[in-house]
Structures are given as C-alpha cells and as structure tokens.
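Engineer: have a look; sequence and predicted model below, questions after that.
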Amino acid sequence: MKLTDKEFNLIKEMVYNEFGIALTEKKKTLIESRFSNTLNQRDIHSFSEYFEVLKKDNTGTEMMEFVNRITTNHTFFFREQRHFDFMRKVVIPQMIERESKTRDLRIWSAGCSSGEEAYSIAMLLDDYFGDKKYLWDTQILATDISTKVLTQAMEGRYTIDQTNQLTKQFSNKYLRRDHHYCYVNDRIKREIIFRKFNLTSPFHFKKPFHLIFCRNVMIYFDQESKRQLLEKFYNALVPGGYLFIGHSENIENKKIGFRFIEPAIYQKI
C-alpha cells in the first residue's frame, strides 16, 4: 500500500501535536512497510482511511499502537555504565547530604521503556544503602507513553539473555529464575511506580526531583519540542539536580540553565 506525501504529512502532524515526535522522511518508508499488510487485513484501503481511524479513536488505542510500532524501545540493564558510576560516586552522596533530615530521594526514569533502566536504578540504590535502606524513601517514578512496554516493565520478566549485563552479584541478589526467564524480585519491584505519561503534557509534580533519566528520547523531537521539554525538566529538578540524557543527544541552549558536567550528564545551576 502506497503512503502518499499528503497522507504522510497528515499523520506526521497528528503525531507531532499529540506526542511532540517529529517523523522524518525515513519514517515514511517504515510506516509503509510495517502497516500495509495490517491495513489490508483490517480492510482499510488507504492511509487516508487509516488517518481517519486514528483521528476518530477516542480511546487513544489506535494512536498508541501506531507509536509503539514506529518508535524503538531498545534498552538493557545498566545501559551507559558511566551514568550509574557517576550516580553512585557523586549524585547519591550529594542527595544524602542534602536530604539528611527528610531522607526523601526523588528520581524519575522518563521514557522508561520495558523497565530495565528503572530496575537498574533501584538495584543500585538498594546495594548502596544496604541495611540502612529502610531509613530512606527512594521510590522511583518510571513513565512511558507506551502501555505495551509499561505492561512488560511492571511484570519484571526478562529472558536470560536480557539480564546478561547484570553482574553475578546483582543477578543473584535481585533476580529469581526458571528455565526460560528471569524475574525481578518483589522487593525491587515495590521500589518503582510505573505510570503512563506523555512528556509533552504539563508537569504537575508535588516535589521536584534530584535526578532525572531521559535517555534516547529527545532523538525523536525537533528543536522546539526539545527546548520545551528541557525547560520542563529544568523546572522539575531541585537546584543542583542532575539530568542524564543519551550519548547521541546534547543540550546546546545555554539559556535553559543546565551546566555541562560530562558527556550526557548535566546539572541544574
């Protein structure tokens, strides 16, 4: 089924308005290849007709399925190890000193995909605090726009190959396994609140965060959407809080107020 330029522009505008995702010309071929057979099977005869289906679906299910199939949810445990080393050596000690009275540490995994990032953070915190962990509130917020990956994340079930990045110590400590799968233990799962959240929506959080992970999400945004998102992240952080982004991303606009620490690590001034 052929996707015309007009049809592509209609879909592109809808996705941008809804999610801030800027579809490039490369996505046109991807949409054609991934959806043509599906639309034929559903007796939808053109992408114009499919656009009407997307537009009229009040449940958001159709649009969510579309976004699931055109975005990449590639992640793994302790991806970008340097971030977790920095978190252990710098961020956590600073947070502990800052919140010695409240003992409340707030971390957000934004664009958490299938959950490996959030579980990695929880494992690191649990290992760092050890038997003093019960004295601190370190529950992590993990969000994504995709209900599909959030369902996977909440289940906490991964293939053995997907857990190969974990050290033997962490694997033995935080996973249980059968012949085919590994399961994150319940104690770690209770440390995370998974929620559906659209990053283009207004942020209404009761308290600011000490650390935000948002890695390899802004690659889908154009410059204006990226600027707006970075401003919202800046306002959602405590002074001195940190933002971790993907290594293929950067923050060029110095006016927003982030200080470059090292590649993919920024601090709110």
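Structural biologist: That came through, no problem. Numbering: from 1, shown residues only.
Engineer: quick one, helices of the stretch 101-250 of the chain?
Structural biologist: Counting by DSSP state H, counting those that start in this stretch, the stretch 101-250 of the chain has helices at residues 116-129, 147-155, 168-174, 186-189, 223-235.
Engineer: helix or strand with the lowest mean pLDDT in the protein?
Structural biologist: Least confident helix or strand of the chain, by mean pLDDT, DSSP states H and E, is helix 61-70 with a mean of 80.
Engineer: what comes into contact with it?
Structural biologist: Residues outside helix 61-70 that contact it (Cβ atoms under 8 Å, 6 or more residues apart in numbering): 14-15, 18-19, 21, 23, 27, 30-31, 34-35, 53-54, 57, 145-149. Every residue, glycine included, has its C-beta placed from N, CA and C.
Engineer: any idea how far residue 127 is from residue 120?
Structural biologist: As judged by Cβ to Cβ, to the nearest Å, residue 127 and residue 120 stand 11 Å apart.
Engineer: same question, residue 232
Structural biologist: 24 Å.
Engineer: out of the two, which sits in the more crowded spot?
Structural biologist: Set side by side, residue 232 and residue 120 show more neighbours around residue 120, with 27 against 15, by other Cβ atoms under 10 Å.
Engineer: by residue count, what's the longest strand in this structure?
Structural biologist: strand 237-245 (DSSP state E).
Engineer: partner strands of the next helix or strand after that one and their direction?
Structural biologist: Later in the chain than strand 237-245, the nearest helix or strand by DSSP states H and E is strand 258-262. Taking DSSP bridges as the criterion, strand 258-262 sits next to strand 265-268 (antiparallel) in its sheet.
Engineer: tell me how far the partner strand lies from the chain's centre.
Structural biologist: Distance, stretch centre to chain centre, for strand 265-268: 18 Å (Cα atoms, centre = their mean, to the nearest Å).
Engineer: stretch 171-189 too?
Structural biologist: Its chain's C-alpha centre lies 22 Å from the corresponding centre of stretch 171-189 when counted by Cα atoms, centre = their mean.
Engineer: how long is it from one end to the other?
Structural biologist: 14 Å (Cα to Cα, to the nearest Å).
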